[in-house]
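Novice: The following comprises the amino acid sequence and a computationally predicted model.
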Amino acid sequence: MSQPNQKYEESQLYRIRHSAAHIMAQAVLEFYPGTKYTIGPPVENGFYYDFELPEQITQEDLEKIEKRMRQIIAGHHEFRKEVISADQARKVFEDQPYKLELIEGLEKGGLDEYGEPLDVKPEISLYRHDTFTDLCRGPHVENTKQINPAAVKLMSIAGAYWRGDEKNKMLTRIYGTAWEKPDDLKHYLKMLEEAKKRDHRKLGRELEIFIFDDEVGPGLPLWLPNGGILIEELEKLAKEMEERAGYVRVRTPNLSKEDLFVHSGHLPYYAESMYPPMELEGVKYYVKPMNCPMHHKIFAARPRSYRELPLRLAEYGTCYRYEKSGELFGLMRVRSMQMNDAHLYVAEDQFEDEFMGVIGLYHEYFKLFGIEKYVMRLSLHSKAGLGKKYVDNERLWLKTEDMVRHAMTSHNVPFVEAQDEAAFYGPKIDVQIWSVIGREFSLATNQVDFAQPARFDLKFVNKDGREEMPLVIHRAPLSTHERMVGFLIEHYAGAFPVWLAPEQVRVIPITDAQNEYAVQIESQLRAEGVRAGADLSSERMNAKIRNAQLFKVPYMLVIGANEAAAGQVSLRARDGSQQNNIPLGEFMARVKDRIIRRAADL
RNA sequence: GCCCAUGUAGCUCAGUCGGUAGAGCACACCCUUGGUAAGGGUGUGGUCGUGGGUUCAAUUCCCACCAUGGGCUCCA
């Protein structure tokens, strides 16, 4: 959703939204004199503007701001651009410290309004309309009459750090949305409504997949039986795929002595997101935030030969990370997580094959799940972060980043690059996806690690009998169970394919007289490994169907006197399709086929 | 962690301008035995997020905390 789209920046819609942001800023300044204004760009579905306000505002205040915006729009004001010198700009914005800071950045050349480096030193320009003047490079509409006032709406108030840095002051951000036509706005609001219906937090409760409990703690999900089934099916899938790809499975404890994380180098980079240590008999123990150091220990357990490489150690390891309270988000961001983890120990000349093998695994999974909307992102280090966020070895950073870039390019896998997104030990390919409410997450990840092998003194004996250091690939194609299930709930809107569905078949007797037959069918299905249940409640058949439908059970077997007498079933699928009087064996074959093939169709 | 908002039954919500609360669904029981998305009745269920304060009296007002939601920051 926030995928780069060059056309958007050139579109009329972009101009409308950018201009709406200016108009909103004008209205806010009128209502709240003394407001310091900062920046207000268009974003994917609208725009925002960040202010430092002299007083707090609430959701209700948005109405009057919105009303005033419509008046301003109705004034048919022209947007006028003016190119000026830095000194002139400083004069215009003498009361506006944030603008002065921006002018500083522009003048030095180098920094745009987000503090991002620019290639060329930009000209300094103003855009004026009505009484409002902003430091701005445009573009805008020519006249406010090009904005349809009925297609503009203010959405929400939020906090945002100045320049996105949590050390800076928290500003007030107002989000709005704007469209070319009122119908587009209506459509967008409708989409938001629809998205809410497939929110995994809502469906997770309705479909009895998981809950959170205050006494257990935030970010610590409890998996209900239906969630347990989803997890086990995913795990089964992962094991099959990994076995085929030559992985071996290991198991490691949930906690270890502090020494391990000192050794791995995690503590200085990671301590903040780790649960605090527990101390026993003078020794500190941590619950593990990741599995890699333990896997490294397994690699180092005895001398290794090049003949063993690549060595692929896999584990669904449960990790605990103390994510900051505001970062928690349903299942997508939790504090206890089961990672689809593996570490591949490879010689340098095996790197590309292995790295791309993992990417291949991604593609296989995504095809199976029908996941099409994602972006692969090459996450790079930043020079400024060396020694702080990132291991201080620029040479190896550049080298490994190049290796990944080369591997991806030569295999024609599309990707984007992003600065300052790497792991502390190396660059990675992250697969970015979006939750239904539009929040971006990394689903899968495929990481290079040049730092930990050195710290753990990992080595293998090469062909020439000399010791060599392996590279490590950290990978999690199925993410964590938590995030993956959260994502899949939304992806399928809760209507899981048969192989994943917690309840695959529900038998619905029409009257009590068929209860016995229903139970008999249920147990036959179960005997064949099909997850079936019989609804023996005293509801009417219609209500039983409704309940099964609400639970998104793929198959309903409706049986009345006729079916019982003939030893047959009537099938109603989740999609409403119906097939009457079929032999149970025929239905059984169909279900088992879908399960074995992990088919998407019913 | 930061900004803002919210917190009433398992769920979705109403309500009390301070006198300890109500609906629908769910659940239990009874009646109903019905052909592809809700049959009817009765009933159970809440120290109104938690802890303080003000008050004769607090679910309601004030404060703190906790949790959740929308963002920011961060991330599998």
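Specialist: Received, thanks.
Novice: How about the stretch 301-450 of chain A: which residue is closest to RNA strand B?
Specialist: residue A:326 (2.1 Å; C-beta to the nearest atom of the strand). Glycine gets a C-beta too; all of them are placed from N, C-alpha and C.
Novice: Tell me the pLDDT of the nearest residue to residue A:267 once chain neighbours are set aside.
Specialist: Nearest non-adjacent residue to residue A:267, counting by C-beta to C-beta, 6 or more residues apart in numbering: residue A:261, 4.8 Å away. Residue A:261 carries a pLDDT score of 93 in this model.
Novice: Also residue A:63?
Specialist: We have a pLDDT of 88 for residue A:63.
Novice: returning to what we had before: state the distance from the residue nearest to residue A:267 to RNA strand B.
Specialist: 15 Å (C-beta to the nearest atom of the strand, to the nearest Å).
Novice: That residue against residue A:269, yeah?
Specialist: No - here residue A:261 does not reach residue A:269: they are 9.9 Å apart, not a contact under C-beta atoms under 8 Å.
Novice: the more surrounded of the two?
Specialist: The neighbour count for residue A:261 versus residue A:269, taken as other C-beta atoms under 10 Å, is higher for residue A:261 (23 against 17).
Novice: so which helix or strand takes in that one?
Specialist: helix A:258-264 (DSSP states H and E).
Novice: From the contact counts, what lies against that helix?
Specialist: Under the contact criterion of 3 or more C-beta pairs under 8 Å, 6 or more residues apart in numbering; DSSP states H and E, helix A:258-264 touches helix A:266-270, strand A:283-287, helix A:292-299, helix A:452-455.
Novice: Out of those, the one nearest residue A:549 is which?
Specialist: strand A:283-287 (41.9 Å; C-beta to C-beta).
Novice: Is the closest one in proximity to RNA strand B?
Specialist: No - if you take C-beta under 7 Å from any atom of the strand as the test, strand A:283-287 misses RNA strand B, and the best it gets is 14.1 Å.
Novice: Show me what that strand is packed against.
Specialist: By 3+ C-beta pairs under 8 Å, 6+ apart, strand A:283-287 packs against strand A:255-257, helix A:258-264, strand A:278-280.
Novice: Could you pick out the residues of the stretch 101-250 of chain A near RNA strand B for me?
Specialist: Counting by C-beta under 7 Å from any atom of the strand, the stretch 101-250 of chain A sits next to RNA strand B at A:156-161, A:164-166, A:170, A:172-173, A:201, A:205, A:212, A:214, A:217-219.
Novice: pretty sure residue A:458 is in contact with residue A:299, am I right?
Specialist: Yes - using C-beta under 8 Å, residue A:458 makes contact with residue A:299 at a distance of 5.8 Å.
Novice: Give the residues shared as contacts by those two.
Specialist: Residues touching both residue A:458 and residue A:299 by C-beta atoms under 8 Å, 6 or more residues apart in numbering: A:345, A:470.
Novice: Quick check: closest non-adjacent residue to the closest residue to RNA strand B within the stretch 501-602 of chain A.
Specialist: Nearest to RNA strand B, among the residues of the stretch 501-602 of chain A, is residue A:560, at 2.4 Å (C-beta to the nearest atom of the strand). Of all residues not flanking residue A:560 in the chain, residue A:510 sits nearest, at 3.9 Å (C-beta to C-beta, 6+ apart).
Novice: That neighbour: neighbouring residues, count only.
Specialist: For residue A:510, the count of nearby residues is 18 (other C-beta under 10 Å).
Novice: just residue A:75 next, same as before
Specialist: 13.
Novice: try residue A:459
Specialist: What residue A:459 shows, counting by other C-beta under 10 Å, is a neighbour count of 17.
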